[in-house]
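Chemist: pasting the structure only:
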């Protein structure tokens, strides 16, 4: 049993389990009834997505390639996820990773410059088991 960190819209891995979309907005131009069939996600969970303001920091860091801009984004996003509700969700997901297969994901092509890299780190810090 384990959690996977994935790019939404990519083919699912065997035994991937439930796919959570940790994104602020659903995929454009895709009917809600097609999200799972098209390998976007089974459940939309924006609670683990950066706020709009914080996402703007990430987009700027992605465009510029500036390491300091990325660090500012990471610091702010980690602070958002330290709030009680997101923190408890991360604890829950880390614990569930020992009982069932599931995945969390985002649309970004490069995980190293995506909030899902930070989600991976935070889940690891909580003892999550990864595939």
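Modeler: On my side now, so go ahead. A quick note: this is a predicted structure, and the numbers were derived from the prediction, not measured.
Chemist: Could you pull up the mean pLDDT of stretch 99-106?
Modeler: The predicted model assigns stretch 99-106 a mean pLDDT of 98.
Chemist: what's the answer for stretch 45-54, then?
Modeler: Mean predicted lDDT for stretch 45-54 stands at 96.
Chemist: Now do the buried residues in that stretch.
Modeler: Using 16 or more other Cβ atoms under 10 Å as the test for burial, stretch 45-54 gives 45, 48-50, 54. Backbone N, C-alpha and C define where each C-beta goes, glycine included.
Chemist: Check stretch 33-41 too.
Modeler: Within stretch 33-41, the residues that count as buried by 16+ other Cβ under 10 Å are 35, 39-41.
Chemist: OK, contacts around residue 47?
Modeler: 22, 85-86, 89 (Cβ atoms under 8 Å, 6 or more residues apart in numbering).
Chemist: Can you verify it is assigned to a helix?
Modeler: Yes - counting by DSSP: H, G, I helix; E, B strand; the rest coil, residue 47 is found in a helix.
Chemist: By mean pLDDT, flag the weakest helix or strand of the protein.
Modeler: The least trusted helix or strand in the chain, going by mean pLDDT, DSSP states H and E, turns out to be helix 52-64, with a mean of 92.
Chemist: gap between the following helix or strand past that helix and the chain center?
Modeler: On the C-terminal side of helix 52-64, the nearest following helix or strand under DSSP states H and E is helix 67-81. Between the centre of helix 67-81 and the centre of its chain there are 15 Å (Cα atoms, centre = their mean, to the nearest Å).
Chemist: repeat for stretch 57-69
Modeler: On Cα atoms, centre = their mean, the centre of stretch 57-69 falls 18 Å from the chain's centre.
Chemist: what does that stretch rub up against?
Modeler: Against stretch 57-69 from outside (Cβ under 8 Å, 6+ apart): 50, 70, 72-73, 76-77, 108, 110, 113-115.
Chemist: And stretch 101-110, by the same measure?
Modeler: 1-9, 12-13, 15-23, 27, 41, 45, 48-49, 62, 93, 96, 114-116, 119, 123, 131.
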